[in-house]
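> model this:
(chains A and B)
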Number of protein chains: 2
Amino acid sequence: MSITYIPGGVCAARGFKANGIRCGIKASSNKRDLALIVSDTRCAAAAVYTANLVKSAPIKVTRAHLADGHAQAVICNSGNANTCNANGIEIAEGMSALVEKHLGIAASDVIVGSTGVIGQPMTLTPMENGMESLVSGLGDHSDFAEDAIMTTDTVPKEAAVEFAIGGVRCRLGGIAKGSGMIHPNMATMLVWVTTDCAITPEMLQKAVSEDVKTSFNMVSVDGDTSTNDTFAVLANGLAGNKTIETEGEDFDAFCAALHAVTVKLCRMIAKDGEGATKLVTCLLTGAADEKTAKTVAKSVICSSLTKAAMFGADANWGRVLCAIGYSGAAVDVERVDVSFRSKAGQVDVCKDGAGIPFSEEEAKKVLLEDEIHILVNLNAGDASAEAWGCDLTYDYVKINGDYRT
Amino acid sequence: MSITYIPGGVCAARGFKANGIRCGIKASSNKRDLALIVSDTRCAAAAVYTANLVKSAPIKVTRAHLADGHAQAVICNSGNANTCNANGIEIAEGMSALVEKHLGIAASDVIVGSTGVIGQPMTLTPMENGMESLVSGLGDHSDFAEDAIMTTDTVPKEAAVEFAIGGVRCRLGGIAKGSGMIHPNMATMLVWVTTDCAITPEMLQKAVSEDVKTSFNMVSVDGDTSTNDTFAVLANGLAGNKTIETEGEDFDAFCAALHAVTVKLCRMIAKDGEGATKLVTCLLTGAADEKTAKTVAKSVICSSLTKAAMFGADANWGRVLCAIGYSGAAVDVERVDVSFRSKAGQVDVCKDGAGIPFSEEEAKKVLLEDEIHILVNLNAGDASAEAWGCDLTYDYVKINGDYRT
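Coordinates of the predicted model:
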């Protein structure tokens, strides 16, 4: 199964165009704030959403629009979450109607996303005014769309792959935003993926729902599950492969391609966590079952104390043990081994739940790198998991101490 | 039921002496690191411990010593957690033996506590050398004992009350340490309470186990549940009241006195959270049941984003709503009201799950105070809960970015 990374983001797949402009929702900045992704033809579409009981208006509207398993466009603003607003549904439906008006795509085939501050009044006016320019500029502009959905993100996040289904070359690419309020329990904040692979809505939903379990649901920046998390995939079938209608080799190939893109986006989201200086990956092995593996791996990357230690390049492995102990999973802590690894090397710090002698100097060198792996072996079975997080820094506090101003 | 706060900490109750010295466990500092609390007579004793699967050696030893419901002394060091050490049990038993050797109190009647870094080698030598000075200085020195159990704490935490059981005046007082790694799921890091009230070990355990549910289990500084959390009470009966052997008026009076002390300690622990500048209390009302009330209140004070907003005096109530939504409790988010309150006033920010107009200037004034109440009304019933936390600041990161050096 050959999967090759290619450029292009959400415009990598045939028949998809994108654009992003500044229409003025972010009143006090010059940044882009409105994105549009459009397919030439109607697509099979599937999505997963936040588990937060407080859900954005765009999620409610998108869920209704995707009930029939089809969509053709994504419209998405930053600068306002459109959540806990009195007129939220009206605004989200209004955004869909703007797409219908300017592109002739049925409003019910539009996916809507919003990100920004919760509970702020919102009007359609800036978007109405910007629509013409947004539509006229549609093209190979995945980067503009990506730029327009960013809030506290510092780097754009996109990935795309080429793969084959039954000998036919297909492409799949995505963009993501997410930096703070990241602890997805369904999907990360906003992830839009497009593909020209032909697949039924049912199989697409199956692929998406499976994928998040080992992708976005294993990322945490700060333990706060957003109200707006959405991960949606549009598949327009323009690659011309035999439509994937059942499980089997083709479906597996599609899932592998999807995972190649989503895992890359996960790592980008974690590394660009608000204020983060490091990507911290927990590689959990030797678990009795997959649930234990995931629970423990996520507990380690979520621990504030472990995250602060990573910021300080401090091999304080006791905090890793501590996070394993309170994860809620049944673990025999006296069999746990822990190591830290980066491109500077590997240092083993804990064996059978107790400290072993190690060089502090060597450990410092390993932990000063910007991509750290915390290796945990529970020595209790064959299941494994990978979770992605980041360090906890002064800047996380700074960014969130006064986000609204 | 009259309860009066009095000075004296763990020496307030008749027959209790305490002391704290520097014996040299904290090699690189001049701070006290060894504490002793002793009763003139053998006491009923009860305790609760961390829910972390990784448990300190002192907890294992204390649990065994308290199996018979009695104890007479507490010995406690700071500077080393005595957790994940190969010789942990030996050290903890050795500390008990030192008390037996110098005071003639059976080692099996000694409660042992440790706090500090996890997984560091430890020897008895400094304690052996310090024991004579520690014992000869025993007296009305609750403050020395409190000082000796502090790690990153910045202020001492003690409280005591006088109350009556069947017309007999009793006293109860405690000291606590806890600043980081605070998210007790049984008790907070280390809390030692003494009382001269006569009560059976069984009723004492019952009181302690009930008390933590609405005291230490409702505090969170950083979501990390320590491996060493212990909350123990010694009751020597020297007040001369009729021994409390059953539930009833006397037991209720004792529980109320205990709660008066523990809640005060909870607020002190939260306010002295690592790096904290504010005590943040969530007052949750209108819940359908107590479990919901507690779950939601704790979710609010645990949210990193809400904590950072409190640091920035930013009335970003959307983050409160968000934390309510992901708490896991079944809440009708469209009925939720939120207000911020401090001694500077109260500002209502959210009604029926949606934002309402408020003065940002007024809100800033309220949130600039150092004790903030977040009032949440779920409008779904009569149950309520209170949870204590603190803000998330640069200093939390600083303290934990390089704790070991």
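
> does the longest helix along chain A reach chain B?
Counting residues, the longest helix found in chain A (DSSP state H) is helix A:249-271. No: with Cβ under 8 Å from any Cβ of the partner chain as the criterion, chain B is not reached by helix A:249-271; the gap is at least 15.1 Å. Backbone N, C-alpha and C define where each C-beta goes, glycine included.

> show me what that helix is packed against.
Here helix A:249-271 is seen to pack against strand A:157-165, strand A:168-177, strand A:190-195, helix A:201-214, strand A:279-287, strand A:383-390 when contacts are counted using 3 or more Cβ pairs under 8 Å, 6 or more residues apart in numbering or on different chains; DSSP states H and E.

> and the second one, average pLDDT?
The reference is to strand A:168-177. The average of the pLDDT scores along strand A:168-177 is 90.

> leaving out the residues flanking it, which one is nearest to A:Val263?
Beyond its immediate neighbours in the sequence, the residue positioned closest to A:Val263 (Cβ to Cβ, 6 or more residues apart in numbering or on different chains) is A:Ser215, lying 5.6 Å away.

> my bad, should have said A:Leu284
Counting by Cβ to Cβ, 6+ apart, the nearest residue to A:Leu284 once its immediate chain neighbours are dropped is A:Ala297, at 3.9 Å.

> I'd like the distance between that neighbour and chain B.
Computed with Cβ to the nearest Cβ, to the nearest Å, the distance linking A:Ala297 and chain B is 16 Å.

> need the three-state assignment for that residue.
Secondary structure of A:Ala297, reduced to three states by DSSP: H, G, I helix; E, B strand; the rest coil: helix.

> same question for A:Ile105.
Quick answer, by three-state DSSP: A:Ile105 is coil.

> I figured it hits A:Asp40, correct?
No: A:Ile105 lies out of contact with A:Asp40 (Cβ atoms under 8 Å); the separation is 10.5 Å.

> of the two, who's got more company?
Counted by other Cβ atoms under 10 Å in any protein chain shown, A:Ile105 and A:Asp40 do not tie: A:Ile105 has more neighbours, with 19 against 13.

> kindly confirm my reading that A:Leu36 is in a helix.
No: read with three-state DSSP, A:Leu36 is strand and lies in no helix.

> work out for me the element A:Gly240 sits within.
Taking DSSP states H and E as the criterion, A:Gly240 maps to no regular element, lying outside all helices and strands.

> to what extent is it buried, counted in neighbours?
Using other Cβ under 10 Å, A:Gly240 is surrounded by 14 other residues.

> ok, now how distant is A:Ala27 from A:Gly79?
Between A:Ala27 and A:Gly79 the distance is 8 Å, computed by Cβ to Cβ, to the nearest Å.

> the two: who's more crowded?
Set A:Ala27 next to A:Gly79 and count neighbours by other Cβ under 10 Å: A:Gly79 wins out with 26 against 8.

> quick check: residues of the stretch 251-400 of chain A near chain B?
Applying the criterion Cβ under 8 Å from any Cβ, the portion of the stretch 251-400 of chain A that neighbours chain B consists of A:302-305, A:308-309, A:311-312, A:314, A:316-319, A:321-326, A:330-331, A:333, A:350, A:353-355, A:392-394, A:396-400.

> ok, of these, which come out buried?
For those, a neighbour count by 16 or more other Cβ atoms under 10 Å in any protein chain shown gives the buried set as A:302-305, A:308-309, A:311-312, A:314, A:316-319, A:321-326, A:331, A:333, A:350, A:353-355, A:392-394, A:396-400.

> quick revisit: so the residue nearest to A:Val263 makes contact with A:Val261?
No: A:Ser215 sits out of contact with A:Val261 when judged by Cβ under 8 Å, with a separation of 9.1 Å.
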